[in-house]
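Enquirer: Only the shape, not the letters, is given here:
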């Protein structure tokens, strides 16, 4: 079933079972999850969200993390589990912090509470890495995204087929405006949730690739040490998108973490 939800947030709902919400990363849209939905939809009702201004969701004003979290939380099914990838992980954390009653459990993939290095934080990256990527996306969105996803699929058994599917899916949805891309980039550059992590009192699975260069795995280890109920799964050989490069391990980790409570 595909449905366009009011309030300008696009959600594609597929499958049957407990509600599982997916939030994608910067500059992407929810079709990035399509390589894994066939397997997961046998276990869960998947709600694939396009973040505001991306995919088929309209932009919102003002555009900052609290607003994104508010807009999306209005559309969530009750007591949902949320999977957040990269920027989507920040949104998921913000929802869980601001409206904890809406969230049952979190899965944070390739996510860090602070993406950029600071004087007291060396588990991030230089801000210029994000800025350079944003400039390339401005110049050629589809080509840059395809190149990025191709790199993230390295190590997958069916990498060529996955990239072909993603290229097709990305071409089916509108290109984000330059304004949306830069405002979303500012969220990555400016957000620091380190002082709030200890308030995430939900069972939280961290999935991280040990070769992630955009969110170094050290950040996941820091999260593990500071989350009240954190569990860490490091996937060897994976980079920033383990759900594409190591699909079987990702699906296995997700089901193992979520199914016991959902079937009890």
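Expert: Alright, I've got the coordinates. No experiment lies behind these values; they were computed from the predicted model shown.
Enquirer: How about the contacts made by residue 33?
Expert: 22, 24, 46, 48, 243 (C-beta atoms under 8 Å, 6 or more residues apart in numbering). C-betas here are computed from N, CA, C, even on glycine.
Enquirer: For the residues you listed, pick the one with the most neighbours.
Expert: Highest neighbour count within the contacts of residue 33: residue 22, with 27 neighbours (other C-beta atoms under 10 Å).
Enquirer: Direction included, what does the helix or strand harbouring that one pair against?
Expert: According to DSSP states H and E, residue 22 maps onto strand 19-23. Counting by DSSP bridges, the strands paired with strand 19-23 are strand 45-49 (parallel), strand 80-85 (parallel).
Enquirer: what's the average pLDDT for it?
Expert: Regarding strand 19-23, the rounded mean pLDDT is 97.
Enquirer: ditto for stretch 46-54
Expert: 96.
Enquirer: same check, this time on stretch 254-264
Expert: 74.
Enquirer: just stretch 172-190 next, same as before
Expert: For stretch 172-190, the mean per-residue pLDDT is 92.
Enquirer: Show me which parts of that stretch are buried, residue by residue.
Expert: 173, 175, 176, 180, 181, 182, 183, 184, 185, 187, 188 (16 or more other C-beta atoms under 10 Å).
Enquirer: Same list (those) but as CSV, adding distance to residue 146 and secondary structure.
Expert: Converted to CSV, those look like this (distance: C-beta to C-beta, whole Å; DSSP: H, G, I helix; E, B strand; the rest coil):
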residue, distance to residue 146, secondary structure
173, 14, coil
175, 13, coil
176, 15, coil
180, 19, helix
181, 16, helix
182, 21, helix
183, 23, helix
184, 19, helix
185, 19, helix
187, 23, helix
188, 21, helix
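Enquirer: Save these as JSON lines, and put in distance to residue 64 too.
Expert: Output for these, formatted as JSON lines (distance: C-beta to C-beta, whole Å):
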{"residue": "173", "distance to residue 64": "23"}
{"residue": "175", "distance to residue 64": "22"}
{"residue": "176", "distance to residue 64": "16"}
{"residue": "180", "distance to residue 64": "12"}
{"residue": "181", "distance to residue 64": "14"}
{"residue": "182", "distance to residue 64": "13"}
{"residue": "183", "distance to residue 64": "8"}
{"residue": "184", "distance to residue 64": "10"}
{"residue": "185", "distance to residue 64": "12"}
{"residue": "187", "distance to residue 64": "7"}
{"residue": "188", "distance to residue 64": "12"}
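Enquirer: just those residues now: which is nearest residue 199?
Expert: Closest approach between these and residue 199, by C-beta to C-beta: residue 187, at 19.4 Å.
Enquirer: can you pull the contacts of that closest one?
Expert: 64, 65, 68, 87, 90.
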